[in-house]
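K.L.:
Quick one, what's the 3D model for this:
(one chain, ligands or ions: 1)
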Amino acid sequence: MRIADAASIEDLARLARKRLPRIVFDYLEGGSEDEVTLRANRTAFARVCLVPEVLTGHSRRDLRATLLGQQFALPVLIGPTGLSGIFWPDADVALARAAASVGAGFVLSTPANTAIERVAAACPGTIWFQLYPWGERAHWLRLIERAGACGVRTLIVTVDSLVAGKRERDLRNRFAHEVRYTPRAIWDGLTHPRWLATVWLRRGVPHFENISEFLPPGADARTLAEFTRARRNAGFSWSDLGWIREHWSGPLIVKGILTAADAARAADAGVNGVVVSNHGGRQLDGAQATLDALPAVAAKAGHALTVLVDGGIRRGSDVVKAIALGARGVLLGRATLYGLAAGGEAGVARALVILRDEIERVLALIGCATIADVSARHVEVAGAHTLRTRTGCGADE
Ligand SMILES: Cc1cc2nc3c(=O)[nH]c(=O)nc-3n(C[C@H](O)[C@H](O)[C@H](O)COP(=O)(O)O)c2cc1C
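P.N.:
Take a look at the predicted model:
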């Protein structure tokens, strides 16, 4: 199948799986421990039914959304992902340019493989920066000053990764921000010649251009892995977040919130938004699915904070369900990484166009003209822990 023929995100996932060595695909796909939360993120969407209103007389759809003062053509940003250069050369630029091509946003990760300055210069769209509070405050300050100097207005601080998740696929594969040359890894690479030729032989080990200045000269992925193991800052706290608030004048978002109580603390700390996220099931296995956590967070903090959500979004209908349950917008993780791994910028753009078309179609089918028209009356949720309950809509509980 060619990229242009991919009809769904799942089609792109199949292409990505074919092109990537198993070890690399496992890094993209995997979650922590038993991957219960990884699966729960997806099944939560299946428990939510869409409730159509017919004959509303709207013949046009408008997907635009304003998030923290910035306008997007659709309520979607590509979320931060580190080490994307292992999937495609110049991956961060490919992701950012594809996002700009459809008017979506892009969030550059701290351990991206392309410096924020290079991404900003190559991309005409809206870029946000995601900070991992690794190392010392001087490091955080340096990174956010660089981001600000590139025109980034919105900063996301990820707070669910103060220790590394136990990703057992990566442990078995001996993959930790680095590939070790075991016989299995070598065979895996040799049997995926398209990946080997475009990524590994052409570019070699991806470097970490945002943080390379904090690492010893010539540092590669292995050095980064050691740095993050030793300097992850497990003790990072609300007072550290308050310090970042003092040093960042633009909108500030905390990513990795799952409870109304923590959302309220975030609001008290002066942040402007939260991403309801469990890191795509890659950190705390057993944590609640994000779609299940969303309504309580939105109910508690929706007036004070811009609430975004990520985790398991693979369909336009997932985006609409998230908005109906209180999100103002969504972040994508694997959905656009599948596109990236399948075909670089063209693959990412295909993923975004698929999702945009699906969102538009769903809006039409539920009788909405705009994203702002979508509300809680457009969903029914099976299960006790939800806004409204009704069984019998294909729930998998
Ligand atoms: C390969 C990969 C790398 C990631 N790297 C980061 C990162 O550097 N910073 C971050 O905040 N989240 C990171 N995440 C989490 C994503 O931003 C997002 O929360 C998650 O992927 C959403 O779930 P989904 O993949 O099911 O859409 C990463 C996720 C993946 C799959």
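
K.L.:
Hmm, residue 271 is touching residue 255, no?
P.N.:
No. Contact criterion Cβ atoms under 8 Å: residue 271 and residue 255 do not qualify, at 10.4 Å. Any C-beta I mention is one placed from the backbone N, CA and C, and that applies to glycine too.

K.L.:
Settle it for me: which of the two has more neighbours?
P.N.:
A count of neighbours by other Cβ atoms under 10 Å puts residue 271 above the other of residue 271 and residue 255, at 27 against 24.

K.L.:
Quick check: phi and psi on the residue nearest to the more buried one when sequence neighbours are not counted?
P.N.:
Of all residues not flanking residue 271 in the chain, residue 252 sits nearest, at 4.7 Å (Cβ to Cβ, 6 or more residues apart in numbering). Residue 252 adopts backbone torsions of phi -120, psi 130, taken as degrees, to the nearest 10.

K.L.:
who's residue 252 bridged to?
P.N.:
When bridges are called by DSSP bridges, residue 252 pairs up with residue 155.

K.L.:
Check the gap between it and residue 151 for me.
P.N.:
From residue 252 across to residue 151, the span is 16 Å (Cβ to Cβ, to the nearest Å).

K.L.:
between the two, who's got more neighbours?
P.N.:
Using other Cβ under 10 Å, the more surrounded residue of residue 252 and residue 151 is residue 252, with 23 against 10.

K.L.:
Spell out which parts of the chain neighbour the ligand.
P.N.:
27-28, 41, 79-82, 109, 111, 130, 158, 255, 277, 279-280, 282, 310-313, 332-335, 337 (Cβ under 6 Å from any ligand atom).

K.L.:
Longest helix in the protein, by number of residues?
P.N.:
Looking across the chain with DSSP state H, the single longest helix is helix 334-366.

K.L.:
Check which helices and strands whichever helix or strand comes after it is in contact with.
P.N.:
Per DSSP states H and E, the first helix or strand lying C-terminal to helix 334-366 is strand 379-381. Under the contact criterion of 3 or more Cβ pairs under 8 Å, 6 or more residues apart in numbering; DSSP states H and E, strand 379-381 touches strand 48-50.

K.L.:
Now do the strand it packs on: distance to the chain's middle.
P.N.:
Remark: strand 48-50 is offset 23 Å from the chain centroid, using Cα atoms, centre = their mean, to the nearest Å.

K.L.:
Relative to it, what are the paired strands and their orientations?
P.N.:
Strand 48-50 has these strand partners (DSSP bridges): strand 379-381 (antiparallel).

K.L.:
got the buried residues for the longest helix of the chain?
P.N.:
334-356, 358-360, 362-364, 366 (16 or more other Cβ atoms under 10 Å).

K.L.:
thinking again about what came up before, report pLDDT for the residue nearest to residue 271.
P.N.:
pLDDT recorded at residue 252 is 98.

K.L.:
list the contacts for it?
P.N.:
With contact taken as Cβ atoms under 8 Å, 6 or more residues apart in numbering, residue 252 is in contact with 154-155, 157, 244-245, 270-273.

K.L.:
If we use 7 Å, what do you get?
P.N.:
Taking Cβ atoms under 7 Å, 6 or more residues apart in numbering, we find residue 252 in contact with 155, 244-245, 271-272.

K.L.:
One more: residue 294?
P.N.:
Residue 294 touches 276, 309, 322, 325-327, counting by Cβ under 7 Å, 6+ apart.

K.L.:
Then residue 72?
P.N.:
64-65, 103-105, 126.

K.L.:
Can you say which of those residues are buried?
P.N.:
Among the contacts of residue 72, the ones that count as buried by 16+ other Cβ under 10 Å are 65, 103-105, 126.

K.L.:
just curious, which of the residues you listed is nearest to residue 49?
P.N.:
Residue 49 lies nearest to residue 65 out of the buried ones among the contacts of residue 72, by Cβ to Cβ, at 23.4 Å.

K.L.:
show me what contacts the closest one?
P.N.:
By Cβ under 7 Å, 6+ apart, the residues touching residue 65 are 72, 74-75, 328-329, 371.

K.L.:
Take the buried ones among the contacts of residue 72 and lay them out in TSV including pLDDT and secondary structure.
P.N.:
Below are the buried ones among the contacts of residue 72 laid out as TSV (pLDDT from 0 to 100; DSSP: H, G, I helix; E, B strand; the rest coil):
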residue	pLDDT	secondary structure
65	98	strand
103	98	coil
104	98	coil
105	98	strand
126	96	coil
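
K.L.:
Residue in the stretch 251-397 of the chain with the shortest distance to the ligand?
P.N.:
Nearest residue of the stretch 251-397 of the chain to the ligand: residue 333, at 2.0 Å (Cβ to the nearest ligand atom).
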